[in-house]
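Student: quick check, what structure comes out for this input:
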Amino acid sequence: MSIHSSHETELLEALAESTDAGECLLCAYDALEDMVDALLQNIFQKDDYSVKFVVDPLLTSDGPLGDIMIRAKLLLGLGVLDKETYDDIEIFVTLKAWVKVQEGVVDFCDENILFELNRVQAIKQTMPIIYSPEQVEGLSDELKEMFLIRHFQKVRSTIVLAVTSLIQSLGKENALTS
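Tutor: Okay, here's the model as predicted:
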């Protein structure tokens, strides 16, 4: 039986309905963090009191496994994640940090953001994101605005597909979750 996070649907809906690049990237991060948490909970939450007593404090947000990258490294070490999925999670952690540094003011025309997104395996394999400032040169203001709205929608849809693929990968049954 595959694993699902308790908020998976809501988080993916929020991602699909995000209105700007910063919100979109933060929603993508939240969806992945929630799924990593659900996976760890599934692996470590046992009925045995001694296991519960030891493991529960480790999994809290202020515990040693509270950081998503430490959780992902643990899952990688346990063989639950492959390196590709780990790297993709790391990219979304980097993008979340960048959104925070920029105080939420980012856009999908930023070459640094597009570079990071194009490193995500699901994006690289299915629909690399292409944008160049030359694409809007010479366009009227109305056409430029239409182009940028369409570009945002395309990138957001690509991120939704990539995050959905990552969530499905994380939710696959394995020896530790069965």
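
Student: who touches Leu74 in this structure?
Tutor: Contacts for Leu74 (CB atoms under 8 Å, 6 or more residues apart in numbering) come out as 40, 65. C-beta coordinates here come from the backbone N, C-alpha and C atoms, glycine included.

Student: how much space separates it from Asp34?
Tutor: 17 Å (CB to CB, to the nearest Å).

Student: again, but for Ala162
Tutor: Taking CB to CB as the measure, Ala162 and Asp34 are separated by 16 Å.

Student: and the helix or strand hosting His151, what's buried?
Tutor: Secondary structure from DSSP states H and E places His151 in helix 141-171. In terms of neighbour count (16 or more other CB atoms under 10 Å), helix 141-171 has its buried residues at 148, 151-152, 155-156, 158-160, 162-167, 169-171.

Student: now do stretch 75-84
Tutor: Buried residues in stretch 75-84 (16+ other CB under 10 Å): 75-76, 80-81.

Student: identify the farthest-apart pair in those.
Tutor: Within the buried residues of stretch 75-84, Leu76 and Val80 form the most distant pair, 7.6 Å apart (CB to CB).

Student: by contact count, what packs against the helix or strand containing Lys124?
Tutor: Lys124 belongs to helix 121-126 when elements are defined using DSSP H and E. Contact analysis of helix 121-126 by 3 or more CB pairs under 8 Å, 6 or more residues apart in numbering; DSSP states H and E lists helix 83-101, helix 141-171 as its packing neighbours.

Student: count of neighbours near the closest residue to Lys144 other than its chain neighbours?
Tutor: Leaving out its chain neighbours, the residue that sits closest to Lys144 by CB to CB, 6 or more residues apart in numbering is Val136, at 4.9 Å. Residues contacting Val136 under the criterion other CB atoms under 10 Å number 15.

Student: try Gln125
Tutor: Residues near Gln125, counting by other CB under 10 Å, number 10.
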